[in-house]
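>>> pasting the sequence and the predicted coordinates here, then a few questions.
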Amino acid sequence: MELLQHIDAGLAIKLASTALLVVVATGFAARFGAFIGAMIAAIPISAGPSYLFISMENDAEFVAQSALTSVAINPLTVVFLLIASVLVKRFGILISLIAGISGWLAGAMIITQLPLTLPQACLLNAVVFIVAIYLSKPLLADIASKPAKSGWLDIPLRVITVVTVVGSAVIVGRLLGPKAAGVVALTPVVWISMAAVIYGRQGRATCSAVLANGIVPMIGFGLGLAAVHMLIVSHGSTIALSVGLAIPVAFTLGLTIARPYIPMYNQTPIKSPATSQVVEQPDDG
């Protein structure tokens, strides 16, 4: 009964608007290559609405603490992306997502017990990003596969996963406080949803490439969260959240423009000599 008291018409309207946003955004991403899909997924599709709604119901100190926790949690999304992108080619979507989520949850349990400051959280981000970018380079080749027809489960899958995390972030914030809200807001539901959809529609090689390409733009995601933490108390939620959204959007846009000049992105997709088509492994697991 206590949980039901925190579910109201206002929350339902917020979740409905978020559902519309994620359908439009991920529907666009699934029709392009791995790099572009990853850039779009790295925009705060679920974390952005989560923080907007959290800020509408809590004071600036609460949101600042939540954002600091999210900065510390951000590297775990990178760990999730790396694990899933490596395993999906060989073991399929189920095992790769279970392994990735397990790594994310284990890390979250540890990080939430540590009283990290913003500089310490940023240092943790830097170390994880350096290692993950180096390890992901062989997986970055953009797979030039043809867009597949959308399955009837695609839209419900995206809506359910993202609406769940946004609603959970608001309710958990009401029940358990800022740290818990900051953790739930960073749950990688957009990546899970996108991976499942792309795996079923375009194969495991494309899925792996999308996840691997998602690592670098998460730098902008983390910088945006850090900006929210630093600005919200002194400048208010409107400025802080606007800057927090503008940073990852600008980062991904800049990365997209600079892509032709970044050596690690200039890889040629592997093609079959006989057919000149990209080699994809069969999706049998």
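Yep, it's here.

>>> R259: neighbour count?
Residues lying near R259 (other Cβ atoms under 10 Å) number 16. Where C-beta positions appear, they are placed from N, C-alpha and C, glycine not excepted.

>>> my read: it touches P217, true?
No - R259 is not in contact with P217 according to Cβ atoms under 8 Å; the separation is 11.1 Å.

>>> residue ranges for the strands of the protein, please.
For the chain, no strands turn up when DSSP state E is the criterion.

>>> where exactly do the helices run in it?
Using DSSP state H, the helices of the chain run over 9-29, 34-41, 47-57, 60-91, 93-111, 118-136, 154-176, 178-185, 189-202, 204-213, 218-235, 237-258.

>>> of the ones you listed, which stretch is the most buried?
helix 204-213 (a mean of 28; mean count of other Cβ atoms under 10 Å).

>>> next, the angle helix 60-91 makes with that one.
150 degrees (axes from the mean of the first three to the mean of the last three Cα atoms, to 10 degrees).

>>> what packs against helix 204-213?
In terms of contacts (3 or more Cβ pairs under 8 Å, 6 or more residues apart in numbering; DSSP states H and E), helix 204-213 is packed against helix 34-41, helix 60-91, helix 189-202.

>>> for S208, find the nearest of the ones you listed.
helix 60-91 (4.7 Å; Cβ to Cβ).

>>> and that closest one, what does it pack onto?
helix 47-57, helix 93-111, helix 118-136, helix 178-185, helix 189-202, helix 204-213, helix 218-235, helix 237-258.

>>> average pLDDT for the fourth one?
What that stands for is helix 178-185. For helix 178-185, the mean per-residue pLDDT is 74.

>>> that one versus helix 47-57: what angle between them?
Helix 178-185 and helix 47-57 are oriented at 150 degrees to each other (the same axes, to 10 degrees).

>>> which helices and strands sit right next to helix 178-185?
helix 47-57, helix 60-91, helix 154-176.

>>> same thing with the third one?
With contacts taken as 3+ Cβ pairs under 8 Å, 6+ apart, helix 118-136 sits against helix 60-91, helix 218-235.

>>> go again with 6 Å.
helix 60-91 (3 or more Cβ pairs under 6 Å, 6 or more residues apart in numbering; DSSP states H and E).

>>> re the thing from before, which of the helices of the chain sits closest to M264?
helix 118-136 (7.8 Å).

>>> relative orientation of the closest one and helix 60-91 in degrees?
Going by the same axes, to 10 degrees, helix 118-136 makes 10 degrees with helix 60-91.

>>> give me the mean pLDDT for helix 118-136.
For helix 118-136, the mean per-residue pLDDT is 94.
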